[in-house]
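# Build the 3D model from these lines:
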Amino acid sequence: MSELTFEKPELTQDVWNICLYGPTGNGKTIGACSAPGPLLLVNAEGADRSRKAHGLYGDKVKEIKLDKTNAAKVLEQVFLSAQKGEFKTYVFDTAGEIYQALLDEASSSGKISLPMRGDAVEKLERYYRAMRDLPVNVVIVAQEQIEDQDEEIVRIPQVGPQKARLSGKVQEFVSILAYVGVIPEEGDTPRRFVGQLVEAAGRKAKDSSGGLGDFRDLDLTDWIETATKAMTQKPSTKKEESK
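Okay, the predicted model is just below:
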């Protein structure tokens, strides 16, 4: 018998890696901050982006600013905080602006070279992978990136430069990938912010738990509870379904 060390995953562990992406103004930041608290929002988008979230969730949300003057230091501090489990959820808003801030910080002369872009991509790829493996919720917020792939329009998260491997890696790292949209109000029914969780209309999406459905209102606390329960449920057989 070989000396293999076997591990049994904790099926009921209620921490998830999630990416929300879509057009501006579709409720991504508010949706991200609906995740379980206490929650740390790493804001690379400016104060206006987070005001509504603070108004809705109050003291549950703590915020740290990230820009070209402090990007590398903030990311390091956030990682150390996550290692200690100081917050239940860590939100990165937005991935594209975090990439740009790292790039601007590295370019003191103002000129950005191809090697600098490659270094920033590699650093963030390692960073998001390391965050993924910690026992905390990680929510990556991104704008949508529209690409023409094999004569088909495809929408993916914008987490770095165009046509870079980083977007694909982030899609691999997360267990839930959702395209965020708005259903307009109609009559007495208020507008709804929802996440698309299955691939359709060229929008990349996935739900590793298999329990969230095709579309779901943007409440990440509900998503995480539902996804965690779904991981412990055995699939029903045809005989059970016919009863």
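# only C-alpha atoms for contact and neighbour calcs from this point on.
Fine.
# what's Ala230 in contact with, if anything?
209-211 (CA atoms under 8 Å, 6 or more residues apart in numbering).
# Which secondary structure elements does the helix or strand containing Val121 sit against?
Using DSSP states H and E, Val121 falls within helix 114-132. Judged by 3 or more CA pairs under 8 Å, 6 or more residues apart in numbering; DSSP states H and E, the packing partners of helix 114-132 are helix 95-106, helix 165-173.
# So which bits of the shortest one are buried?
Neighbour counts using 16 or more other CA atoms under 10 Å place 166-167, 170-171, 173 of helix 165-173 among the buried residues.
# now stretch 69-86
Buried-residue list, stretch 69-86, by 16+ other CA under 10 Å: 71-72, 74-75, 78-79, 82-83.
# pLDDT on it, on average?
In this model, stretch 69-86 has a mean pLDDT of 97.
# Stretch 129-147 too?
If you average the pLDDT values across stretch 129-147, you get 95.
# what's the span of it from first residue to last?
24 Å (CA to CA, to the nearest Å).
# In it, which residues are buried?
For stretch 129-147, by 16+ other CA under 10 Å, it's 129, 131-132, 134-145.
# Near Gln196, how many other residues are there?
25 (other CA atoms under 10 Å).
# mind listing what it touches?
Contacts of Gln196 (CA under 8 Å, 6+ apart): 178-181, 205, 214-216.
# In CSV: these, plus neighbour count and distance to Thr29.
Below are these laid out as CSV (neighbours: other CA atoms under 10 Å; distance: CA to CA, whole Å):
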residue, neighbour count, distance to Thr29
Ala178, 27, 13
Tyr179, 28, 13
Val180, 27, 10
Gly181, 22, 12
Ala205, 24, 18
Asp214, 16, 21
Phe215, 15, 18
Arg216, 18, 16
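# who touches stretch 132-140?
Residues contacting stretch 132-140 (CA under 8 Å, 6+ apart): 15-20, 32, 82-83, 85, 87-95, 131, 173-174.
# how far is that stretch from where the chain is centred?
9 Å (CA atoms, centre = their mean, to the nearest Å).
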